[in-house]
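Colleague: Give me the fold of what follows.
(chains A and B)
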Amino acid sequence: LAKTTQPISMDSYEGQEVNITCSHNNIATNDYITWYQQFPSQGPRFIIQGYKTKVTNEVASLFIPADRKSSTLSLPRVSLSDTAVYYCLVVGSGGSYIPTFGRGTSLIVHP
Amino acid sequence: NAGVTQTPKFRVLKTGQSMTLLCAQDMNHEYMYWYRQDPGMGLRLIHYSVGEGTTAKGEVPDGYNVSRLKKQNFLLGLESAAPSQTSVYFCASSYPAGLMNNSPLHFGNGTRLTVT
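Modeller: Numbers count the residues shown, from 1 in each chain, chains lettered A, B, ... in the order given. Take a look at the predicted model:
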């Protein structure tokens, strides 16, 4: 299983862009990078997934360099409601896999 | 479409008591998982199932048992509760990763369990 490393916490202010980087040095060829968001007292929620280059949806963008050893989740113009814990997972696309969550990154957005 | 439903939402047990947590999903997902979440620890996988009638151990299975008698249900049992099992328990479900690359986990809203 590819191990991921991400910052424990980050602080930002409303209206700023937030970039959370995740390291996954031993990612395998068939692995995807998946990010989840968790609000207090709720289960995690899938927000974005990618394999290489850039993926964008209505919530976030995901940047993956050519070597795929890291990825960056970008949240444009954050608001107070983006305060949450963000988890980076590396997920295998072939055969069975065990989704493993680390401690995630606790993002606090200040007014 | 309810997604993943967990019952109960809250429970207080005395040490040594038993209980069963129920997880139900209506998305026809093959895979189901039970995680526990403790402060500052992230989510840790207890048990999982890749299909009806099958279960497997995760990272922290001791003290728990599971059953998957029906595809839509995944039960987590505590035979003799201990204070160390005080936690928030999350159930999740998904399609198999091998069939669909975009196979995100869908989570319930958790069961908060306190063992005194």
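Colleague: alpha carbons only for contacts and neighbour counts from here, please
Modeller: Noted.
Colleague: so what's B:Ser93 closest to, chain neighbours aside?
Modeller: Spatial nearest neighbour of B:Ser93, chain neighbours left out: B:Met32 (4.2 Å); criterion: Cα to Cα, 6 or more residues apart in numbering or on different chains.
Colleague: and if you look at A:Asp11?
Modeller: Once flanking residues are discounted, A:Asp11 sits nearest to A:Ile108: 4.9 Å by Cα to Cα, 6+ apart.
Colleague: That neighbour: how many residues sit nearby?
Modeller: As a burial measure, A:Ile108 scores 19 neighbours (other Cα atoms under 10 Å in any protein chain shown).
Colleague: what's the helix or strand for it?
Modeller: Using DSSP states H and E, A:Ile108 falls within strand A:105-110.
Colleague: which residues of chain B score low on pLDDT?
Modeller: Judged by pLDDT under 70, chain B has its weakly predicted residues at B:1, B:97-102.
Colleague: Check the gap between the residue positioned nearest the centre of it and A:Gly43 for me.
Modeller: Closest to where the C-alpha atoms of chain B average out (Cα atoms, centre = their mean) is B:Trp34, at 2.5 Å. Look at B:Trp34 and A:Gly43: by Cα to Cα, to the nearest Å, they are 12 Å apart.
Colleague: Find the residues that touch each one of the two.
Modeller: B:Phe90 (Cα atoms under 8 Å, 6 or more residues apart in numbering or on different chains).
Colleague: In chain A, where is pLDDT below threshold?
Modeller: In the predicted model, chain A carries pLDDT under 70 at residues A:1-2, A:93-97.
Colleague: Closest approach to chain B from chain A, which residue is it?
Modeller: Going by Cα to the nearest Cα, chain B is nearest to A:Arg103 of chain A, at 4.0 Å.
Colleague: My guess is that residue contacts B:Arg44. True?
Modeller: No. Assessed by Cα atoms under 8 Å, A:Arg103 is found out of contact with B:Arg44, at 9.5 Å.
Colleague: Is B:Ala81 located within a helix, as I assumed?
Modeller: No. Counting by DSSP: H, G, I helix; E, B strand; the rest coil, B:Ala81 is located in no helix; its state is coil.
Colleague: Contacts only, for it.
Modeller: Residues counted as contacts of B:Ala81 (Cα under 8 Å, 6+ apart) are B:Leu13, B:Lys14, B:Thr15, B:Gly16, B:Gln17, B:Ser18, B:Gly63, B:Val115.
Colleague: On the three-state scheme, the third one is what?
Modeller: Here B:Thr15 is coil, with the state taken from three-state DSSP.
Colleague: and it, how many residues sit next to it?
Modeller: Using other Cα under 10 Å, B:Thr15 has 15 other residues around it.
Colleague: Do I have it right that it meets B:Pro83?
Modeller: Yes. At 6.6 Å, B:Thr15 and B:Pro83 qualify as touching, with contact defined as Cα under 8 Å.
Colleague: Backbone torsions only: list them for the spatially closest residue to the residue of chain A closest to chain B that is not a sequence neighbour.
Modeller: Distances taken as Cα to Cα, 6+ apart put B:Gly42 closest to A:Arg103, at 4.0 Å, once the chain neighbours are dropped. The phi/psi pair for B:Gly42 (degrees, to the nearest 10) reads phi 70, psi -160.
Colleague: Can you name the residues bridging to B:Phe107?
Modeller: Judged by DSSP bridges, the bridge partners of B:Phe107 are B:Ala92.
Colleague: my guess is it meets B:Cys91, correct?
Modeller: Yes. Between B:Phe107 and B:Cys91 there is a contact at 5.8 Å, judged by Cα under 8 Å.
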